Structure formats: C-alpha cells, structure tokens
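**Q** okay, structure incoming, though there's no sequence with it:
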C-alpha cells in the first residue's frame, strides 16, 4: 500500500502593501461588526424599556378602571335622575316618546315645519 505524502500547508506570499490593505479591511469589518452589535444591544435595551413602560401603563389603566367603577357604583343612576327631573318639570310621556323618536330618525323638512306649527298652536291655546 502506498503511503500518503504529508500535506504541507499552502503559503501565500503577499506584497507588503497588499497585506496592509487586507489588515485595514479586516479591522474595518471588525469595527462594523462591533457597531452593529452595539446597535442591536441598544435596540434590545430600548425594547425592554418600552415593554416595562407598557406594563406600567397597563397597571395604571387597570387601577384607573377599577377606581372609575367603584366611584360609578357610589353615584346615583343618571337615567333615574333624568326621568325624575323631566317629571318634575311637567313633561308628559307622549312628548318624551316624541323626543326619543325624533332622535332615532331624522324628520323631513315638511314634517319639521308641521311639528313647529303644531307647537305654535299649542302655545297659542295656552294663551302665550
């Protein structure tokens, strides 16, 4: 069997200026890699700060919501108060229903004119 020759590593000889240029390029690449690493680390630290702030904001909103709910439970119901004030001012149920209907659908111009004329007639009947 044949013996294998020991392989000698290949040596390449560069000129002095070529070797300086290559060293310079390698150093530039290392510098760029370090800058990129620094930027990535900065991004991750800023992202972590952002997440911490979001969590803090979430907690504050949650506290605010619970505070609003508790204060809302202590206040009287607004709908009940509105009905009480309307009845104390002498509103009739029919007028309330008309107001609600008007809010739900828009009246045409002619219907609005008829409504105004009807109200004027009612005022004249009352002696105003």
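**A** Okay, I see it. Just so it is clear, the structure is predicted and the values come from calculations on it, not from any experiment.

**Q** where do the helices sit along this structure?
**A** For the chain, the helices defined by DSSP state H cover 16-74, 78-88, 93-104, 109-126.

**Q** what is the mean pLDDT for the first one?
**A** For helix 16-74, mean pLDDT is 93.

**Q** check the second one too.
**A** Model confidence over helix 78-88 averages 61 on the pLDDT scale.

**Q** please apply the same query to the third one.
**A** Helix 93-104 shows an average pLDDT of 60 in the prediction.

**Q** Serialize the helices of the chain to a markdown table and add fields for mean neighbour count and distance to residue 10.
**A** Heads up, the C-betas are built off the backbone N, CA and C, glycines and all. Below are the helices of the chain laid out as a markdown table (neighbours: other Cβ atoms under 10 Å; distance: least, Cβ to Cβ, whole Å):
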| stretch | mean neighbour count | distance to residue 10 |
| --- | --- | --- |
| helix 16-74 | 10 | 16 |
| helix 78-88 | 11 | 90 |
| helix 93-104 | 10 | 91 |
| helix 109-126 | 10 | 97 |
